[in-house]
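Engineer: Could you look at this predicted model? Sequence included:
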Amino acid sequence: MIDRTLGDLHVFETPEEVAAGVADAFVADAERAVQDRGAFFVALAGGSTPKAAYALLAQTPRDQRVDWRHVHVYFGDERCVAPDSAESNYNMAREALLSRVPVPEENVHRMRGEDDPEQAARAYASQLVQAMGDTPVFDLIMLGMGTDAHTASLFPGSDPQTDEDRLVRAVYVEKLSAHRITLTPRVLNNARHVLVATEGLPKAPALYAVRCGPYDPVERPIQVLAPRSGTLSWYVDRKAAAELPSK
């Protein structure tokens, strides 16, 4: 198959090195955004790799390099659960990072997973527009990839660009029998930097299919990522990259 290079690929030896790389990218993007524009708008992700990166960001020296007063935190997606649920992306980020750094409480904007999904999606879209205008531009959007090549809460089986005019979508994930709230490709692809972090041998087939297989975002939703004027980066460990052709 023809190699389809979707963004810059950074391969690290271990999951710990992936997490450190993600944390360093966060710091660099935050420093640049605050210096250039006076604020850093970031959308956080759930998952084990982001959690490890958040823990590193809460530790010296990285925590000292971020001007947390000017950091504005949002989320790429959320499960429809209460904010104190162990399943909540917000709760994970709060425990690993947000409660451990001096980011102003009013700068943290969670998706209200406890509300009606459609209502929560509309409310979150309004927050984005109020903060960043009709076409929101994040400085950094952090994402992961599942073994089925989903990202955020864009799952296989439906066109991720459905309702492309919307900023935030409520979705029902059939195989999980659960509702989710997610940013849409319109927002994801308008970011200055989209960073996908994934690790482990179970991710290797999906990573190969995404980068080396045909374009089919219905089956591999993460292939929809194509920042219009920003950068797409992949941070993966050696095991996740095991099936990729060597260069």
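Structural biologist: That came through fine.
Engineer: which residues in the chain form strands?
Structural biologist: Under the criterion DSSP state E, the chain contains strands at 8-12, 40-44, 71-75, 77-79, 140-143, 168-173, 178-183, 193-198, 231-237.
Engineer: Would you convert these into CSV that also reports distance to S246 and mean neighbour count?
Structural biologist: In short, each C-beta sits where N, CA and C put it, glycine included. Shown next, in CSV, are the strands of the chain (distance: least, Cβ to Cβ, whole Å; neighbours: other Cβ atoms under 10 Å):
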stretch, distance to S246, mean neighbour count
strand 8-12, 10, 16
strand 40-44, 33, 25
strand 71-75, 36, 23
strand 77-79, 33, 25
strand 140-143, 25, 28
strand 168-173, 35, 21
strand 178-183, 34, 23
strand 193-198, 19, 26
strand 231-237, 14, 22
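Engineer: now these as TSV including distance to K51 and mean pLDDT?
Structural biologist: Below are the strands of the chain laid out as TSV (distance: least, Cβ to Cβ, whole Å; pLDDT from 0 to 100):
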stretch	distance to K51	mean pLDDT
strand 8-12	17	96
strand 40-44	10	98
strand 71-75	14	98
strand 77-79	15	97
strand 140-143	11	98
strand 168-173	21	94
strand 178-183	18	96
strand 193-198	11	98
strand 231-237	14	97
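Engineer: possible to save the ones you listed as TSV with distance to H150?
Structural biologist: TSV is the format used below for these (distance: least, Cβ to Cβ, whole Å):
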stretch	distance to H150
strand 8-12	19
strand 40-44	16
strand 71-75	16
strand 77-79	10
strand 140-143	10
strand 168-173	9
strand 178-183	10
strand 193-198	11
strand 231-237	15
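Engineer: wait, which of the ones you listed is closest to R122?
Structural biologist: Nearest of these to R122, taken as Cβ to Cβ: strand 168-173 at 7.5 Å.
Engineer: just how off-centre is that closest one within its chain?
Structural biologist: Centre-to-centre, strand 168-173 and its host chain are 16 Å apart (Cα atoms, centre = their mean, to the nearest Å).
Engineer: got the angle between that strand and strand 178-183?
Structural biologist: Here the directions of strand 168-173 and strand 178-183 differ by 150 degrees (axes from the mean of the first three to the mean of the last three Cα atoms, to 10 degrees).
Engineer: in this structure, which helix has the most residues?
Structural biologist: Longest helix of the chain, by residue count under DSSP state H: helix 15-37.
Engineer: who touches it?
Structural biologist: Helix 15-37 has contacts (Cβ atoms under 8 Å, 6 or more residues apart in numbering) with 10, 12, 39-42, 48-50, 52-57, 62, 65-67, 70-71, 139-140, 142, 192-193, 195, 197, 199-200, 233, 235-237.
Engineer: Now do the helices in the chain.
Structural biologist: With DSSP H as the criterion, the chain has helices at 15-37, 48-57, 62-65, 89-93, 117-132, 185-188, 204-212.
Engineer: looking at the ones you listed, which is closest to A170?
Structural biologist: Short answer: helix 117-132, nearest of those by Cβ to Cβ, at 3.6 Å.
Engineer: Buried ones in stretch 150-168, by neighbour count?
Structural biologist: Within stretch 150-168, the residues that count as buried by 16 or more other Cβ atoms under 10 Å are 150-156, 160, 166-168.
Engineer: Would you point out the most distant pair within those residues?
Structural biologist: Checking those with Cβ to Cβ, the most distant pair is P156 and L167, at 21.9 Å.
Engineer: low-scoring stretches of this protein, by residue?
Structural biologist: The model of the chain has pLDDT under 70 over residues 1-5, 163-164, 247.
Engineer: go with 90
Structural biologist: Along the chain, the parts satisfying pLDDT under 90 run over 1-6, 158-165, 174-177, 246-247.
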